[in-house]
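Student: predicted model, plus sequence, below.
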2 protein chains.
Amino acid sequence: MDSWVDGQPADVLSLKDRGLAYGDGLFETIAVRAGVPVLLERHLQRLEQGCQRLALHVDWVALSAELDAYAQGLWQGVLKLIVTRGDGLRGYAAVPSAPARRILQGSPPVAYPAAHAEQGISFFPCATRLSEQPLLAGLKHLNRLEQVLARAEWGGAEHAEGLMRDTSGRVIEGVFSNLFLVCNGVLMTPDLSRCGVAGVMRAELLFQAESQGIVTQIADIGLEQLHLADEVFVCNSVYGVWPVRACGSARWSAGPLTRKLQTLARALLDV
Amino acid sequence: MDSWVDGQPADVLSLKDRGLAYGDGLFETIAVRAGVPVLLERHLQRLEQGCQRLALHVDWVALSAELDAYAQGLWQGVLKLIVTRGDGLRGYAAVPSAPARRILQGSPPVAYPAAHAEQGISFFPCATRLSEQPLLAGLKHLNRLEQVLARAEWGGAEHAEGLMRDTSGRVIEGVFSNLFLVCNGVLMTPDLSRCGVAGVMRAELLFQAESQGIVTQIADIGLEQLHLADEVFVCNSVYGVWPVRACGSARWSAGPLTRKLQTLARALLDV
C-alpha cells in the first residue's frame, strides 16, 4: 500500500524535514487486523506523551481519521506512523507553533518463525549499551542509532533478539522488544525512566496481569536477577509474546505466566 | 541552490530512508568561500571516522567530486552534507554492504550580529543534559534530539548559544559550538569521549595553537573551573570564534588568546 504524507499518497519527503536532519520526531508501529489498528488508544496515548515532551503539535482529528482510513485499506499488516516537526530552517531552533507532519507507511504481516512463540528465542547479549537520558526515556523517538548499532552486533538465525543494558549495567529491554521476568510469581519489568521505550504491548500486559490479580513490579533489574528469574519473555505490538529460553549461559523454560500472557496477546493479534 | 541526492538535483527523499526512520547517518556543515569548501580535509576525516564507527559505506570518489562541484556552484555560504544508510527494510537490521546515500544542501552565508564576534556572547545555561554514550561520542550523527530540546529552552536575542553539560555535570559544549577555556595561559577544551561533537574548527584551533607553542589540554571540566577561567570562547566551522562574556552570574572578558584564535579562524572564513 502507498505511503501517505499528511493524508496524501506519497513516496517521498521534503529534504528539509527535521525528522531527517535531527531525528526530530516520534513513531509508532501498529499491528492492523481486519482493517482495525490494534491497541490504537495506547499507541495514541504514548504518542501524545511524546508530543508533549518534544512540544510537537499534531492535528489529532486529521491523524485519527487518517489512521482509520489507512488501516481499512491495509486490512492486515503493520502500520508505521511517523510524526516529525516538519520542514526546518537552518539550525536547531524550531518554529514553536509549526504543525507536525504525519507519515503513514504500511507493510504486510511479518512472518516470524512459529518456533519463536512456541519454543522461545535466544537473546544475543549486546555490547551496545543504552545511554541514560530521562528527558527522552520511554518515548519512541526517531533517535535510534543505539538500536541500529546493537542490531548490527549479530547476524544469522540463532538469536531472534538482543538484550540491551544501560550504561550502568541494568537490564533494560530487547532491541525491538520490552522485557519481562517472572520471579516467585511476581511479574517484573525494568523501570524505563532513564532509557528504553515504554512499549504499548508492555503497558497492555501489565494492565491485563493486574486485572487478573497478578502482582506486578516495575523495578531496576540487574543481570544476576535476570539469570535467577523463573521465566523470561519479550513482547511488542507486532509479534505479541515470545518466551526467552537462553541468553549466554543462562537458560529458562517457558512457564505458565508467560503462556497465559502470550494467549492474551494472541487474542489481540490473531484474527 | 538546489539540493543534490547522489549527485542529482532533488528536493525530496525516499520515505524509506533510514536517516528519517532512525537518524541512521551523519552530517557535516561546511563553510564555502569563493567556491571552496573550508577545512574540507578535516570534515572528510571526521566523516570517515563516523562511517567507520557506524559501518557506513560511502563512495568517496563520487562524494569528493560532488562536494567540489556543489561548492563551486554555491560560491559563498554553507554546504550541509548528510550521509545516510539509504533505504531500509522493516526493522533495525541493515543490509551490510548497502551504499550510503549522499545529500548536499546549500544555504546563503549566515548573517550573525557582528557583536557576537566583537563583544562576545552570553550563554544560556541549558537544563537539558547530554547523555553519555562513548560509541557515538564525537560523531556528528543525525540523532540530535538533545540539541533540539536544549535549543528550545530559550528564545530572544539575549543568548546566542546555550551551555550544555553531561548527565554527570561536566561542562561539554554549546548547542551548536565547541567550548574552549583559557586557564593560566593553557588552552583547554572538554574531553569528548563520552558525549559531544568533536568539531572541525575545534580540531583546527587545537592544531594551530600547538603549532604556535601554546600549551593545550583536553580534559574533564567542571562548572567551577569554567567560572574561574581567564577567557572563555566558543567556535564552529561557520562563524569561527565568539568570545563568551557571560553565563548565569559568571562574567569573562575577551582575552588575548581568544582574539588570537579568532583572527586565525577569520583568516579561514573571511574572503
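Tutor: Happy to help now that I have it. In this text the structure is predicted, and so the values were computed from the model without any measurement.

Student: quick one: pLDDT of A:S97?
Tutor: pLDDT recorded at A:S97 is 87.

Student: burial of it, as a residue count?
Tutor: By other C-beta atoms under 10 Å in any protein chain shown, the residues close to A:S97 number 7. Where C-beta positions appear, they are placed from N, C-alpha and C, glycine not excepted.

Student: got the contact list for the closest residue to it other than its chain neighbours?
Tutor: Excluding its sequence neighbours, the residue lying closest to A:S97 (C-beta to C-beta, 6 or more residues apart in numbering or on different chains) is A:H57, at 6.5 Å. By C-beta atoms under 8 Å, 6 or more residues apart in numbering or on different chains, the residues touching A:H57 are A:C51, A:S97, A:A98, A:P99, A:A100.

Student: quick check: ChimeraX command selecting the buried ones in those.
Tutor: Paste this into ChimeraX to select the buried members of the contacts of A:H57, with burial taken from 16 or more other C-beta atoms under 10 Å in any protein chain shown:
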select /A:51,100
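
Student: quick one: which of the contacts of A:H57 is nearest B:L181?
Tutor: Using C-beta to C-beta, A:A98 comes nearest to B:L181 of the contacts of A:H57, at 36.5 Å.

Student: was I right about the closest one contacting A:T84?
Tutor: No - if you go by C-beta atoms under 8 Å, A:A98 and A:T84 don't touch, sitting 10.1 Å apart.

Student: give me the subset of the contacts of A:H57 lying in strands.
Tutor: Among the contacts of A:H57, no member falls in strands (DSSP state E).

Student: nearest to A:C195, of the contacts of A:H57?
Tutor: Of all these, A:C51 has the smallest distance to A:C195: 19.7 Å, by C-beta to C-beta.

Student: would you agree that closest one is in contact with A:E28?
Tutor: No - assessed by C-beta under 8 Å, A:C51 is found out of contact with A:E28, at 11.4 Å.

Student: need the residues of the stretch 51-200 of chain A near chain B, please.
Tutor: Proximity of the stretch 51-200 of chain A to chain B (C-beta under 8 Å from any C-beta of the partner chain) is limited to residues A:54-55, A:78, A:80, A:82, A:84-85, A:90-94, A:96, A:103, A:105, A:107, A:110, A:128-129, A:131-133, A:135-136, A:141-152, A:167, A:175-176, A:195.

Student: narrow those residues to just the buried residues.
Tutor: With burial judged by 16+ other C-beta under 10 Å, the buried subset of these is A:54, A:78, A:80, A:82, A:84-85, A:92, A:94, A:103, A:105, A:107, A:128-129, A:131-133, A:135-136, A:141-152, A:167, A:175-176, A:195.

Student: mind pulling the model confidence for the residue of the stretch 151-271 of chain A found nearest chain B?
Tutor: Nearest to chain B in the stretch 151-271 of chain A, going by C-beta to the nearest C-beta, is A:R151, at a distance of 3.8 Å. What the model reports for A:R151 is a pLDDT of 98.

Student: next, it: phi, psi?
Tutor: The phi/psi pair for A:R151 (degrees, to the nearest 10) reads phi -70, psi -30.

Student: residues in contact with it?
Tutor: Neighbours of A:R151 in contact, by C-beta under 8 Å, 6+ apart: A:G162, A:V175, A:F176, B:G91, B:Y92, B:A93, B:A94.

Student: how close does it sit to B:D24?
Tutor: Separation of A:R151 from B:D24 (C-beta to C-beta, to the nearest Å) stands at 11 Å.

Student: intersection of neighbour lists for the two?
Tutor: Counting by C-beta under 8 Å, 6+ apart, the common neighbours of A:R151 and B:D24 are B:A94.

Student: can you show me the CA trace of stretch A:163-178 as PDB?
Tutor: This file holds the C-alpha atoms of stretch A:163-178, laid out as PDB (Å, rounded to 0.1, in the frame of the first residue of the first chain):
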ATOM      1  CA  LEU A 163      19.400  -8.000  25.200                       C
ATOM      2  CA  MET A 164      20.300  -4.400  25.900                       C
ATOM      3  CA  ARG A 165      21.600  -3.000  29.200                       C
ATOM      4  CA  ASP A 166      22.100   0.600  30.200                       C
ATOM      5  CA  THR A 167      25.500   2.300  30.700                       C
ATOM      6  CA  SER A 168      25.200   1.500  34.400                       C
ATOM      7  CA  GLY A 169      24.700  -2.200  33.600                       C
ATOM      8  CA  ARG A 170      21.000  -2.500  34.400                       C
ATOM      9  CA  VAL A 171      19.000  -4.900  32.100                       C
ATOM     10  CA  ILE A 172      16.500  -2.700  30.100                       C
ATOM     11  CA  GLU A 173      14.900  -4.300  27.000                       C
ATOM     12  CA  GLY A 174      15.400  -6.000  23.700                       C
ATOM     13  CA  VAL A 175      16.500  -4.100  20.600                       C
ATOM     14  CA  PHE A 176      12.800  -4.100  19.400                       C
ATOM     15  CA  SER A 177      11.000  -5.600  22.400                       C
ATOM     16  CA  ASN A 178      10.200  -5.000  26.000                       C
END
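
Student: list the buried ones in that stretch?
Tutor: Residues of stretch A:163-178 classed as buried by neighbour count (16+ other C-beta under 10 Å): A:163-167, A:170-178.

Student: still on that earlier bit, okay if I get the contacts of A:H57 as JSON lines plus distance to A:W4?
Tutor: Shown next, in JSON lines, are the contacts of A:H57 (distance: C-beta to C-beta, whole Å):
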{"residue": "A:C51", "distance to A:W4": "19"}
{"residue": "A:S97", "distance to A:W4": "23"}
{"residue": "A:A98", "distance to A:W4": "19"}
{"residue": "A:P99", "distance to A:W4": "15"}
{"residue": "A:A100", "distance to A:W4": "14"}
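
Student: of the contacts of A:H57, which is the nearest to A:D2?
Tutor: Distances from A:D2 to the contacts of A:H57, taken by C-beta to C-beta, are shortest for A:A100, at 20.6 Å.

Student: surely that closest one is in contact with A:C51?
Tutor: Yes - contact criterion C-beta under 8 Å: A:A100 and A:C51 qualify, at 7.2 Å.

Student: common neighbours of those two, please.
Tutor: A:H57, A:V58, A:V83.

Student: measure the second one to chain B for me?
Tutor: The gap separating A:V58 from chain B is 16 Å, by C-beta to the nearest C-beta, to the nearest Å.

Student: same check, this time on the last one
Tutor: Note on A:V83: its distance to chain B, by C-beta to the nearest C-beta, is 12 Å.

Student: please, which helix or strand holds that residue?
Tutor: Element membership of A:V83 [criterion: DSSP states H and E] is strand A:77-84.

Student: quick check: mean pLDDT of the next helix or strand along the chain from that strand?
Tutor: Per DSSP H and E, the first helix or strand lying C-terminal to strand A:77-84 is strand A:101-107. The average pLDDT within strand A:101-107 is 97.

Student: any residues touching strand A:101-107, and which ones?
Tutor: The contact list for strand A:101-107 (C-beta under 8 Å, 6+ apart) reads A:1, A:3-7, A:13, A:17, A:19, A:25, A:32, A:58-59, A:62-63, A:66-67, A:70, A:73-74, A:77-87, B:15-16, B:90.

Student: list the buried residues in the helix or strand following that strand.
Tutor: Counting by DSSP H and E, the next helix or strand C-terminal to strand A:101-107 is helix A:114-118. The neighbour-count criterion (16+ other C-beta under 10 Å) identifies A:H116, A:A117 as the buried residues of helix A:114-118.
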